[in-house]
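1. next input, structure requested:
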Amino acid sequence: QVQLQVSGPGLVKPSQTISLTCTVSGVSITTHYYLWGWIRQSPGKGPTWMGAIGYDGKIYYNPSLESRIRLNRDTTNNQITLHLSSATPDDTATYYCARGGSLESYDVWGQGTPVSVSS
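-> This is a model prediction of the structure:
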């Protein structure tokens, strides 16, 4: 059974970096041909795709976040990490990691973790 568990601080101060880890179990993140994506949903808004890492390590970013986002992977611990710098209150959202077969389609989701950006 594939499971994704997101962990990280729930409260971040403005200008700091949001750092979240997605720990994957039940499948290797290097398994062909999966993508591992980050999606967030702010209160009252629709979901926003943030970026993804492919099974081969190739990275894709949402152009609107590209100047602030960095994704990494740890194949030893089967983890994907998200770093979003220069946080503002507009980054307050529930953050999800998910497994996908393409950048647009995700079939297994983690539980989501709320992150609030506030002083």
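2. drop to CA atoms for contacts and neighbour counts, all remaining ones
-> Fine.
3. in which helix or strand does the residue nearest the centre of the chain reside?
-> Within the chain, one residue has its C-alpha closest to the average C-alpha position: by Cα atoms, centre = their mean, that is Trp38, at 2.9 Å. Secondary structure here is read from DSSP states H and E; on that basis Trp38 sits in strand 35-41.
4. so for the following helix or strand past that strand, what gets flagged as buried?
-> The helix or strand immediately downstream of strand 35-41 is strand 47-54, counting by DSSP H and E. By neighbour count on 16 or more other Cα atoms under 10 Å, the buried set for strand 47-54 is Trp49, Met50, Gly51, Ala52, Ile53, Gly54.
5. how much space separates the nearest residue to the third one once chain neighbours are set aside from Pro114?
-> Counting by Cα to Cα, 6 or more residues apart in numbering, the nearest residue to Gly51 once its immediate chain neighbours are dropped is Tyr61, at 4.2 Å. For Tyr61, the distance to Pro114 (Cα to Cα, to the nearest Å) stands at 21 Å.
6. do the same with Leu103
-> Where Pro114 is concerned, Leu103 sits at a distance of 23 Å (Cα to Cα).
7. gap between the longest strand along the chain and the chain center?
-> Criterion DSSP state E: the longest strand present in the chain is strand 93-102. Here the centre of mass of C-alpha atoms in strand 93-102, compared against the chain's by Cα atoms, centre = their mean, to the nearest Å, lies 6 Å away.
8. now do the buried residues in it.
-> Ala93, Thr94, Tyr95, Tyr96, Cys97, Ala98, Arg99, Gly100.
9. what about the strands in this protein?
-> Assigned strands in the chain, in chain order: 3-7, 11-12, 18-25, 35-41, 47-54, 59-61, 69-74, 79-84, 93-102, 105-109, 113-117 (criterion: DSSP E).
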